[in-house]
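Asker: Generate a structure from the sequence data that follows.
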Amino acid sequence: MSERDKAFFDRADAFIKLANMQMAKSVEAGEVSASFMYGLARYSAWFCASGWTNAMDMADARDETVDFFVNEYRRMLELNMDDYIQNFDNYVQASEQLQNKG
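Answerer: Presented below is the predicted three-dimensional model:
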């Protein structure tokens with residue numbers, strides 16, 4: 001794995017760790033997931049806005065940009081869903097063990 005790939009997954013793991021810390025505060029997983037998705041959407045909108053010089057250009061690219069992010073999210077979700085399907089017993093057991101430690 002390249003350093004770039006490692007850094008990518010380290011950042012993803014840091015976000016997951018932060019989400020898991022929210023669950024440790026007796027917040028339901030669904031609530032954490034909804035907040036996580038909203039935060040990502042908000043960040044992505046900011047990220048896109050920072051690449052434009054005016055609102056009109058951003059508005060012109062809105063649909064194409066939304067399609068890009070939706071397609072990327074779908075691709076990543078499908079990859080992770082397939083991974084969980086293939087490793088369901090191992091992942092669920094590990095998750096339960098972590099929950100029982102807390």
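
Asker: Could you give the separation of the helix or strand harbouring Asp5 from the chain centroid?
Answerer: Per DSSP states H and E, Asp5 falls inside helix 3-23. Relative to its chain's centre, helix 3-23 lies at 9 Å (C-alpha atoms, centre = their mean, to the nearest Å).

Asker: What residues of that helix count as buried?
Answerer: By 16 or more other C-beta atoms under 10 Å, the buried positions in helix 3-23 come out as Ala19, Gln22. Where you see a C-beta, it was placed from the backbone N, CA and C, and this is true even at glycine.

Asker: and that helix, what's its mean pLDDT?
Answerer: The average pLDDT within helix 3-23 is 94.

Asker: Put the alpha carbons of that helix into PDB.
Answerer: Output of helix 3-23 as PDB, limited to C-alpha atoms (Å, rounded to 0.1, in the frame of the first residue of the first chain):
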ATOM      1  CA  GLU A   3       1.800   6.200   1.600                       C
ATOM      2  CA  ARG A   4      -1.000   8.000  -0.200                       C
ATOM      3  CA  ASP A   5      -3.400   5.100   0.200                       C
ATOM      4  CA  LYS A   6      -2.400   4.600   3.800                       C
ATOM      5  CA  ALA A   7      -3.000   8.300   4.500                       C
ATOM      6  CA  PHE A   8      -6.400   8.000   2.800                       C
ATOM      7  CA  PHE A   9      -7.500   5.100   5.000                       C
ATOM      8  CA  ASP A  10      -6.000   6.600   8.100                       C
ATOM      9  CA  ARG A  11      -8.200   9.700   7.600                       C
ATOM     10  CA  ALA A  12     -11.300   7.500   7.000                       C
ATOM     11  CA  ASP A  13     -10.500   5.600  10.200                       C
ATOM     12  CA  ALA A  14     -10.200   8.800  12.100                       C
ATOM     13  CA  PHE A  15     -13.700   9.900  11.000                       C
ATOM     14  CA  ILE A  16     -15.000   6.400  11.900                       C
ATOM     15  CA  LYS A  17     -13.300   6.700  15.300                       C
ATOM     16  CA  LEU A  18     -15.000  10.100  15.900                       C
ATOM     17  CA  ALA A  19     -18.400   8.600  15.000                       C
ATOM     18  CA  ASN A  20     -17.800   5.700  17.400                       C
ATOM     19  CA  MET A  21     -16.900   8.100  20.100                       C
ATOM     20  CA  GLN A  22     -20.400   9.800  19.600                       C
ATOM     21  CA  MET A  23     -22.000   6.400  20.200                       C
END
